[in-house]
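Chemist: with the input below, show me the fold.
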Amino acid sequence: MHYDFDLARQPPRPFHFSTLEFVDALNPDQQRIVLHQDGPALVIAGAGSGKTRVITQRVARLTQSGVPASGILLLTFTNKAANEMAARVNRAANLRKEQQKLIHGTFHSVASRFLRRYAKLLRYENQFSILDASDSRDLIKASLAEGIGKPGKQFPKAALLQDIFSLAFNRNATRKQLLESPYPERNFHLEQSVKASYPHLEEHLEAMLRILQTYRLKKRRNQVMDFDDLLENWLELLLRDGTSLPMVKQIQYILVDEYQDTNHVQANILDCLSLGHRNLMVVGDDAQSIYSWRGADFRNILEFPERFNATLFRMEQNYRSTPEILNTANSSINHNQQQFEKHLFTELASGDLPTLHELWDPQEEADLLLDTIHELRDRELSLNDIAVLYRNHVQSATLQVELTRAGIPFVIHSGVKFFEQAHIKDLTAFLKVVYNPLDEIAWMRILKLLPGVGNTTAHRIFSIFHTQQAVRLTQNNAALQKLIPAKARADWNVVLECFQDMLKDGATPATMLGLLYQRFYRGVLFNSFENASQREHDVNYLREFSGNYRSLESFLNELSLVGASVVTEYEAEQIDGEVLTLTTIHQAKGLEWEAVFLIGLTEGLFPHQRCLDDPEQLEEERRLFYVALTRAKRHLLLSAPVISNSYAGYERHARSRFIKELPEDTVETITHERSAYDWGTPNRSTRFFF
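Modeler: Here you go, the predicted model:
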């Protein structure tokens, strides 16, 4: 990996601490981390080891030792986690309201704060719009149509192009490119990423390069940034002007959570931010690095101690799982070569051995899980405390059918997110246009709500807005009126009236949404969707949520950057009573349940077939297995069907190598044998958790 700075040679800036009483409540390893003086440090925080508590106590100690909260930067991978940590810091340090100025958030949200203040240094207006993932795909579709016209059936879709462009940026962005190449011309060695990760698409490389350039030109022209742009522009800003920016100068200490998930660009951002003081503490677990497919670089955490000449701490005491579960997890991850040596232990009481069930097929696997769920519920364990984990969603198909038949409620952690639903995006498009009248994607969405307006007419209308520098929303325009179909003019006039009131001083996001819905969008909703009443509940929730924000800027930032965490809370509110969780392991990271079922443990499925011949990818698959094991608190069931159904019929699988690697004394193996004539009944009775 290429880094742009020699950070090991930079001397730390000293700061003197006082001893605080709350440190006494921590274990010895945690105390050493909280009491660490200045200079770079890496904390290897094992699963369930209390890292959130340590981070918040570290920040609280800094503030009580005289460091202003505004001089501390706390970076996490979800805004929800950042907000919770900040609240805990305020309580632990007894900070008054006027002192609660900790800079905290995700890389993207903090980037947006920097860029709102300094955007003009990069030739952006401060009121740029942020594209969420869906809007970004729409703009790529428009760029595709403009760049190559109608693509063939084999040409990659916009969603795949989005992934390819993002991967190239996150893996290949360099200081030289950011400082020497104009924004629209940067392709971040797209050809390298395509050849390495998408070799079957090499024939389309020239067309993809044209689309990428068109996409970047459109973003710059429309004054919008996607998520990758936030990091790209933040890093460029720091490289060009970082040492002179007041926001950078005020930061004295930096703490980063989940450092193992950082990519090359994020690592370089941290290099820039810490260059003047080197008070950078990163917290993470190399054994839980599972996101290379979206650009995370495992080497960031592995090479940190050497790059920074950093102090290394370990947190190995686990407060979540039984000793038996930890023994299983330790035994598995020990097979990895590239890692920091660690051994999780706990002082919690012993429990049952994890059970490994060797089964015939997914149907028998589903039957086993249903029986076990009933047994757990008989022993007063709530469905909310049980989760089924798997490598890919398709592995849960049979189970979903059987759960439905059995009347067991379940929720799948996937699907369309709340803020990605069509009716929600329709409403928020109006707010985006009020904030940034050059937002092409938002305008396209609004215009196509009008009767008789399709893509072609919408683009013609937008071209008038753009050439006239976004015609005032409160004015009629003769050229514009000619393009509006006769049957749409009444609705268009209503839209203009809505914009007039939305632009009035003192209008809040909640009042804007209210008047827009009552005057215009309610009719659209009930004429467009069969389940309009249910969607109206969503609109009410959106208005309620928007009431937390006085400014349009803060509300739109929240929508773009933290919609996913808000979704989870919203969906949870819709569930009445207990519900079983079905989730991929990637989505389960950071969560925990009393009982965990890990299904589909067969070679080629887990580990995935494409990883079997690549040692690095195979180690990441084993880390994914480790993450799954360490989600369980008291009960862990593993299952490995021999047979799977496919388009070709039945396929027989070997057990996953991850199962074979486990010592016999770490799991209780139960084989469900079938005779050649009777595939319906195991030859022996099964024993579950108890």
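
Chemist: what residues of stretch 613-627 count as buried?
Modeler: Buried residues in stretch 613-627, defined by neighbour count with 16 or more other C-beta atoms under 10 Å: 617-627. For every residue, glycine as well, the C-beta is placed using N, CA and C.

Chemist: for these, which one is nearest residue 533?
Modeler: residue 627 (40.1 Å; C-beta to C-beta).

Chemist: can you tell me the closest non-neighbouring residue to residue 580?
Modeler: Residue nearest to residue 580 in three dimensions, not counting chain neighbours: residue 410, with 4.1 Å by C-beta to C-beta, 6 or more residues apart in numbering.

Chemist: what's the answer for residue 603, then?
Modeler: With C-beta to C-beta, 6+ apart, the residue lying closest to residue 603 is residue 654, at 4.4 Å.

Chemist: check residue 328 too.
Modeler: Excluding its sequence neighbours, the residue lying closest to residue 328 (C-beta to C-beta, 6+ apart) is residue 666, at 4.5 Å.

Chemist: again, but for residue 109
Modeler: residue 561 (4.8 Å).

Chemist: tell me the average confidence for the helix or strand encompassing the one you found?
Modeler: Assessed by DSSP states H and E, residue 561 sits inside helix 552-574. Average pLDDT, helix 552-574: 63.

Chemist: for stretch 449-469, same thing?
Modeler: 81.

Chemist: what's the answer for stretch 402-421, then?
Modeler: 77.

Chemist: next, the buried residues of that stretch.
Modeler: 402-403, 408, 410-411, 413, 417-420.

Chemist: for the stretch 251-400 of the chain, give me the ranges with low pLDDT.
Modeler: Across the stretch 251-400 of the chain, nothing is flagged by pLDDT under 70.

Chemist: would you agree residue 281 is in contact with residue 254?
Modeler: Yes. Between residue 281 and residue 254 there is a contact at 7.1 Å, judged by C-beta atoms under 8 Å.

Chemist: ok, the two, which is more surrounded?
Modeler: residue 281 (24 against 20; other C-beta atoms under 10 Å).

Chemist: what is the strand or helix carrying that one packed up against?
Modeler: Element membership for residue 281 (DSSP H and E) is strand 280-284. Helices and strands touching strand 280-284, by 3 or more C-beta pairs under 8 Å, 6 or more residues apart in numbering; DSSP states H and E, are strand 41-45, helix 51-64, strand 253-256, helix 264-273.

Chemist: tell me the strands beside that strand, with direction?
Modeler: strand 41-45 (parallel), strand 253-256 (parallel) (DSSP bridges).

Chemist: for residue 594, find the nearest of the ones you listed.
Modeler: That would be strand 41-45 among the strands paired with strand 280-284, by C-beta to C-beta, at 22.2 Å.

Chemist: quick one: mean pLDDT over that closest one.
Modeler: On average, strand 41-45 scores 97.

Chemist: ok, stretch 500-509 next?
Modeler: 88.

Chemist: what of stretch 531-544?
Modeler: So the average pLDDT for stretch 531-544 ends up being 80.

Chemist: tell me how this protein divides into domains.
Modeler: 21-118+240-315, 129-222, 323-409+577-671, 418-574 (automatic domain parsing).

Chemist: now do the longest one: distance to the chain's middle.
Modeler: In this view, domain 323-409+577-671 has its centroid 22 Å away from the chain centroid, taken as C-alpha atoms, centre = their mean, to the nearest Å.

Chemist: next one: stretch 275-284
Modeler: So, by C-alpha atoms, centre = their mean, the centroid of stretch 275-284 is 23 Å from its chain's centroid.

Chemist: report the buried residues of it.
Modeler: Neighbour-count burial for stretch 275-284 [16+ other C-beta under 10 Å]: 275, 277-284.

Chemist: as a markdown table, those residues with distance to residue 29 would be great.
Modeler: Formatted as a markdown table, those follow (distance: C-beta to C-beta, whole Å):
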| residue | distance to residue 29 |
| --- | --- |
| 275 | 29 |
| 277 | 25 |
| 278 | 23 |
| 279 | 20 |
| 280 | 20 |
| 281 | 14 |
| 282 | 16 |
| 283 | 13 |
| 284 | 15 |
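
Chemist: could I get the CA-only coordinates of stretch 628-637 as PDB?
Modeler: C-alpha atoms of stretch 628-637 as PDB (Å, rounded to 0.1, in the frame of the first residue of the first chain):
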ATOM      1  CA  ALA A 628     -20.700 -14.900  13.200                       C
ATOM      2  CA  LEU A 629     -19.600 -17.000  16.100                       C
ATOM      3  CA  THR A 630     -18.900 -14.100  18.400                       C
ATOM      4  CA  ARG A 631     -22.500 -12.600  17.900                       C
ATOM      5  CA  ALA A 632     -23.800 -15.400  20.300                       C
ATOM      6  CA  LYS A 633     -24.100 -14.800  24.000                       C
ATOM      7  CA  ARG A 634     -25.300 -18.100  25.400                       C
ATOM      8  CA  HIS A 635     -26.400 -20.400  22.600                       C
ATOM      9  CA  LEU A 636     -24.800 -21.200  19.300                       C
ATOM     10  CA  LEU A 637     -26.100 -23.700  16.700                       C
END
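
Chemist: send me the strand holding residue 281 as PDB with only the CA atoms.
Modeler: What follows is strand 280-284, C-alpha atoms only, in PDB (Å, rounded to 0.1, in the frame of the first residue of the first chain):
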ATOM      1  CA  LEU A 280      -4.100   9.500  16.900                       C
ATOM      2  CA  MET A 281      -5.700   6.600  18.700                       C
ATOM      3  CA  VAL A 282      -7.300   4.000  16.400                       C
ATOM      4  CA  VAL A 283      -9.500   1.200  17.800                       C
ATOM      5  CA  GLY A 284     -10.400  -2.000  15.900                       C
END
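
Chemist: sounds good, over and out.
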